[in-house]
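J.: This is the structure alone, sequence omitted:
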């Protein structure tokens with residue numbers, strides 16, 4: 001599956017942004033999907049994950065209550081709605097897909113998008 005993430009940009013602290021990740025390929029609906037981010041000088045970290053059905057969702061503690069993941073299997077798209085953004089949310093955001101239940105482990109995903117930059121100004 002090829003993944004393409006977009007929707008990043010510059011936003012002020014407290015603002016909102018929605019990222020999208022569009023997949024090509026027939027297996028998207030069987031894939032668990034995740035969002036990860038990597039800030040300059042830091043390791044890639046888990047943000048959120050969603051099961052293939054969309055029923056199960058998982059969030060990092062740092063974004064819980066502010067970010068929402070969702071998916072539309074009919075459109076081969078997973079979304080990340082980000083609200084109450086903070087400067088520390090600044091990072092390149094990557095979507096990832098795979099047949100996995102280890103949502104927070106980058107190595108459990110088979111396919112990755114190219115990343116989209118989110119910059120939150122204070």
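T.: Yep, that arrived. Worth saying up front: this structure is predicted, and the values here are computed from it rather than measured. Numbering: from 1, shown residues only.
J.: before we move on, what SS does residue 88 have?
T.: Here residue 88 is helix, with the state taken from DSSP: H, G, I helix; E, B strand; the rest coil.
J.: Report the separation between it and residue 118.
T.: 11 Å (C-beta to C-beta, to the nearest Å). To be clear about C-beta, it is placed using only N, CA and C from the backbone, and glycine gets the same treatment.
J.: Which one of these two is surrounded by more residues?
T.: For residue 88 versus residue 118, neighbours defined as other C-beta atoms under 10 Å are more numerous around residue 118 (22 against 11).
J.: Excluding residues flanking it in the chain, which one is nearest the more buried one?
T.: Distance criterion C-beta to C-beta, 6 or more residues apart in numbering; nearest residue to residue 118, sequence neighbours excluded, is residue 8 at 4.7 Å.
J.: likewise residue 29?
T.: Leaving aside its chain neighbours, residue 29 sits nearest to residue 73 (4.2 Å; criterion: C-beta to C-beta, 6+ apart).
J.: Local confidence estimate at the one you found?
T.: Note for residue 73: predicted pLDDT of 95.
J.: What is the burial count for it?
T.: 15.
J.: Can you mark which positions in the helix or strand harbouring residue 5 are buried?
T.: Remark: residue 5 resides in strand 2-6, with elements defined by DSSP states H and E. Residues 3, 5 are the ones in strand 2-6 that count as buried (16 or more other C-beta atoms under 10 Å).
J.: which strands and helices sit next to that strand?
T.: strand 17-24, strand 91-98, strand 111-112 (3 or more C-beta pairs under 8 Å, 6 or more residues apart in numbering; DSSP states H and E).
J.: The ones you listed: which one's closest to residue 79?
T.: Distance to residue 79, taken as C-beta to C-beta, is lowest for strand 17-24 among those, at 5.6 Å.
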